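Attaching a predicted model along with its sequence, questions to come.
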Amino acid sequence: MHEFKYKNNRLYCENVKVEDLAKKYGTPLYVYSYHTLVSHYLKLKEAFRSIDALICYSVKANSSLAILKALVDKGAGLDIVSGGELFRAQKAGCPAGRIVYASVGKTDSEIEEAIRRGILFFNVESLPELENINRIAKKLNQVTRVAIRINPDVEAKTHKFITTGKITNKFGIDLDNAYKILLQRRKFPFVKICGLHIHIGSQITESAPFVAAVKKITDFILHLRRIGIALEYLNIGGGLGIVYNRESPQTAQKYADKIIPYLKKTGLKIILEPGRFIVGNAGILVAKVLYLKSTPKKKFLIIDAGMNDLIRPALYGAYHQILPLRITPNALRKAQKVDVVGPICESGDFLAKERKIPQVKEGEYLAAMSAGAYGFSMSSNYNSRPRAQELLVVKDKAYVIRRRETRDDLIHNEVIPEFFIGL
Ligand code: LLP
């Protein structure tokens, strides 16, 4: 499933000993496996081969240029949500015709830029947004394509912060209003409504919510066809769950087998927008143990990575497996329940709570597993901590894909007003 494995009691990424990387490049350090990344993309591509789906990798999951380039070179398109992600998509060499653009809050300049670049289509999330895209396209005298994002009102059975397909969520347009918009489509002459889009949430481990949503949208498409509204694309979003702990998520093949019969009925070109499934298990966050601290009630393992490097545990109570980079039978025997915490001044700054971890000494290293998705991309400079370095391992070689930030990077855009100087 992934290329992070112990050999002779040392954790390896592909053929590289992770401890050597930690010593050479310092910590906190993100390490990605090229082979894991690409093989997850290919697994999904293969599962949907019978309908030749376009896989638009969701840039927000991990937007590092080298990650994007690796996938784009294998034929992936990209799912973007901002002008910044459009910029990255271009830098990674993604053809505009393979870019789809979602987000409830696209600005005028972002819309204009995307139209000029000729992206495949916008995923439109509201009527005012559709009107705005039409207005901007008219100004540019260029007809642009959109897909209506439908909110299918299904329960995704995942964390409430990452559920997006319930009618109380801010995303998409309900079926009734989408229908009204489609009937009035001639009111928007500079917009061609060429498809529909759904995305019901993230880290969804069962097939049932996907099937429910796809079934609803298929019925809708067939109805539209009967009344003479023909579409070209159906974008079924992302959301496929991965293994963090003891989940047993559907495989790519099982997911495909369950929904392809419905997708085939639509006769439309199918697009997927997976993020986590492709990159989640392809990355780890490596940290050094700074101190072992015992209090009357608890044992803390204080490490040099914090919630600014990986915020998922603090934000969602997410589970990441914690593995030592070196493991001995003795250390395993002496495993203890500890809180693995960072140096940040917040009690929410933890990577694991009450977790049984093999004995480690100060100066040794730990890895937070499955940190490839929504790890670095959600990192920040909180507590004025430079953001981590990122490496991509390909077989027996590690490439720096992002240098560690420096102190100067921290204050790069800051200005002390001259006003203070005279004081
Ligand atoms: N398409 C749309 C429209 C999305 O909003 C998202 C994710 C995706 C695709 C990709 O979803 P994926 O395949 O990665 O599940 N920060 C959270 C996850 C937020 C997901 C946001 N939208 C986390 O760390 O769990």
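Structure received.

who in the protein is up against the ligand?
58, 60-61, 79, 102, 162, 199, 202-203, 237-240, 273-277, 312, 316, 373-374 (CB under 6 Å from any ligand atom). Placement of C-beta: from N, CA and C, glycine included.

cutoff 8 Å now
58, 60-61, 79, 81, 102, 123, 149, 159, 161-162, 164, 171, 197, 199, 201-204, 237-241, 273-278, 280, 311-312, 315-316, 318, 373-374, 378 (CB under 8 Å from any ligand atom).

got a list of what the residue in the stretch 1-150 of the chain that the ligand sits nearest to touches?
Closest contact between the stretch 1-150 of the chain and the ligand, by CB to the nearest ligand atom, is at residue 58 (3.5 Å). Residue 58 makes contact with 78-79, 238, 273-276 under the criterion CB atoms under 8 Å, 6 or more residues apart in numbering.

Go again with 6 Å.
Residues counted as contacts of residue 58 (CB atoms under 6 Å, 6 or more residues apart in numbering) are 79, 238, 273, 275.

Separate out the buried members of the residues of the chain next to the ligand.
Buried by 16 or more other CB atoms under 10 Å: 58, 60-61, 79, 81, 102, 123, 149, 162, 164, 171, 197, 199, 201-204, 237-241, 273-278, 280, 311-312, 316, 318, 373-374, 378, out of the residues of the chain next to the ligand.

Centre-most residue in the chain?
Residue closest to the average C-alpha location in the chain (CA atoms, centre = their mean): residue 61, at 1.8 Å.

doesn't residue 2 fall inside a strand?
No. Residue 2 is assigned coil when assessed by DSSP: H, G, I helix; E, B strand; the rest coil, not a strand.

residues near it, how many?
21 (other CB atoms under 10 Å).

my read: it touches residue 36, true?
Yes. Contact status for residue 2 versus residue 36: in contact at 4.6 Å, counting by CB atoms under 6 Å.

Could you list which residues are in contact with the closest residue to the ligand within the stretch 301-423 of the chain?
Closest to the ligand within the stretch 301-423 of the chain is residue 374: 3.1 Å, counting by CB to the nearest ligand atom. When contacts are counted by CB under 6 Å, 6+ apart, residue 374 touches residue 61.

Where does the residue in the stretch 101-250 of the chain positioned nearest to the ligand sit, in terms of helix or strand?
Residue nearest to the ligand within the stretch 101-250 of the chain: residue 238 (2.6 Å; CB to the nearest ligand atom). Secondary structure from DSSP states H and E places residue 238 outside every helix and strand.

List the residues that contact it.
Going by CB under 6 Å, 6+ apart, residue 238 touches 58, 273-275.

before we move on, back to that, what about the buried ones among the residues of the chain next to the ligand, which are in helices?
276-278, 312, 316 (DSSP state H).

Tell me which two in the residues you listed are the farthest apart.
Spatial extent of those (CB to CB) is set by the pair 278 and 316 at 19.6 Å.

do you know how far residue 262 is from residue 183?
Noted for residue 262: a distance of 24 Å to residue 183, by CB to CB, to the nearest Å.

quick one: which of the two has more around it?
Between residue 262 and residue 183, residue 262 has the larger neighbour count (other CB under 10 Å), namely 20 against 12.

That one reaches residue 212, doesn't it?
No. Residue 262 is beyond contact range of residue 212, at 10.6 Å (criterion: CB under 6 Å).

Could you list the low-pLDDT ranges of this protein?
The model of the chain has pLDDT under 70 over residues 423.

mind running it again at 90?
Scanning the chain with the threshold set as pLDDT under 90 gives 1-2, 153-169, 171, 418-423.

which residue ranges form the helices in it?
Per DSSP H, the chain carries helices over the ranges 18-25, 34-47, 65-73, 83-91, 108-117, 127-140, 175-183, 208-226, 252-266, 276-279, 312-316, 329-333, 407-411, 418-421.

Can you tell me which of those is most buried?
helix 276-279 (a mean of 29; mean count of other CB atoms under 10 Å).

Identify the residues contacting that one?
So helix 276-279 is contacted by 40-41, 57, 61-62, 240, 242, 372-373 (CB under 6 Å, 6+ apart).

go on, stretch 185-197?
121, 123, 133-134, 137-138, 143, 145-150, 217, 231-235.

Residue 268: what's its closest spatial neighbour, skipping adjacent residues?
Nearest in space to residue 268, with sequence neighbours left out and distances taken as CB to CB, 6 or more residues apart in numbering, is residue 234 at 4.4 Å.

Tell me the bridge partners for the one you found.
Beta-bridge partners recorded for residue 234 (DSSP bridges): residue 196, residue 270.

Let the chain start at 10 from now.
Shifting the count to begin at 10 puts that one at residue 243.

mind listing what it touches?
Residues counted as contacts of residue 243 (CB under 6 Å, 6+ apart) are 205, 275, 277, 279.

Kindly recompute the last result at 7 Å.
Going by CB atoms under 7 Å, 6 or more residues apart in numbering, residue 243 touches 204-205, 226, 230, 272, 275, 277, 279.

Residue 282 now?
Counting by CB under 7 Å, 6+ apart, residue 282 has contacts 65, 67, 88, 208, 244, 246-247.
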